[in-house]
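1. Structure, please.
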Amino acid sequence: MTPRQSETLNFIKRFVLKNSYSPSYQEIADGLSLKGKAGVHYQVTALVKQGHLRKVDKAHRSIWPS
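-> Below is the predicted model of the structure:
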């Protein structure tokens, strides 16, 4: 896991614990001070493939820690 992936995963975990729902890509980008959502998509996709996150297809706010 890269440092950026670790940072992304930790942000998502904290967000879910605090809010009881998963963050949007825009909220992740804002929380990590990223300029756009494309980088978030890349990191989330990698974390899903690695098994750290699970994602419900075609659903909003569907990113959950595994």
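2. Which residue ranges of the chain form strands?
-> Taking DSSP state E to define them, one finds strands in the chain at 53-55, 63-65.
3. Which elements pack onto the last one?
-> Right, the one you point to is strand 63-65. Counting by 3 or more Cβ pairs under 8 Å, 6 or more residues apart in numbering; DSSP states H and E, the packing neighbours recorded for strand 63-65 are helix 3-19, strand 53-55. For glycine as for every other residue, the C-beta is placed from the backbone atoms N, C-alpha and C.
4. Show me which residues of it are buried.
-> Ile63 (16 or more other Cβ atoms under 10 Å).
5. same check, this time on the first one
-> Using 16+ other Cβ under 10 Å as the test for burial, strand 53-55 gives Leu53.
6. Please apply the same query to stretch 18-29.
-> Those would be Ser22, Pro23, Ser24, Tyr25, Glu27, Ile28, Ala29, for stretch 18-29 by 16+ other Cβ under 10 Å.
7. Give me the mean pLDDT for it.
-> Stretch 18-29 carries an average pLDDT of 94.
8. what sits up against that stretch?
-> Here stretch 18-29 makes contact (Cβ atoms under 8 Å, 6 or more residues apart in numbering) with 8, 11-12, 15-16, 31, 34-37, 39-41, 44, 60-64.
9. Can you tell me which of the helices and strands packed on strand 63-65 has the worst average pLDDT?
-> strand 53-55 (a mean of 90).
10. which residue packs closest to Val56, ignoring adjacent ones?
-> Spatial nearest neighbour of Val56, excluding adjacent residues (Cβ to Cβ, 6 or more residues apart in numbering): Ser62 at 3.8 Å.
11. For Ser33, see how far away that neighbour is.
-> 23 Å (Cβ to Cβ, to the nearest Å).
12. Show me which of those two is the more surrounded one.
-> More neighbours surround Ser62 than the other of Ser62 and Ser33, with 14 against 6 (other Cβ atoms under 10 Å).
13. phi, psi of that one?
-> phi -110, psi 20 (degrees, to the nearest 10).
14. Next: Tyr21.
-> phi -150, psi 160.
15. sorry, back to before: from the buried residues of stretch 18-29, which is closest to Pro3?
-> In terms of Cβ to Cβ, no member of the buried residues of stretch 18-29 lies closer to Pro3 than Ile28, at 15.6 Å.
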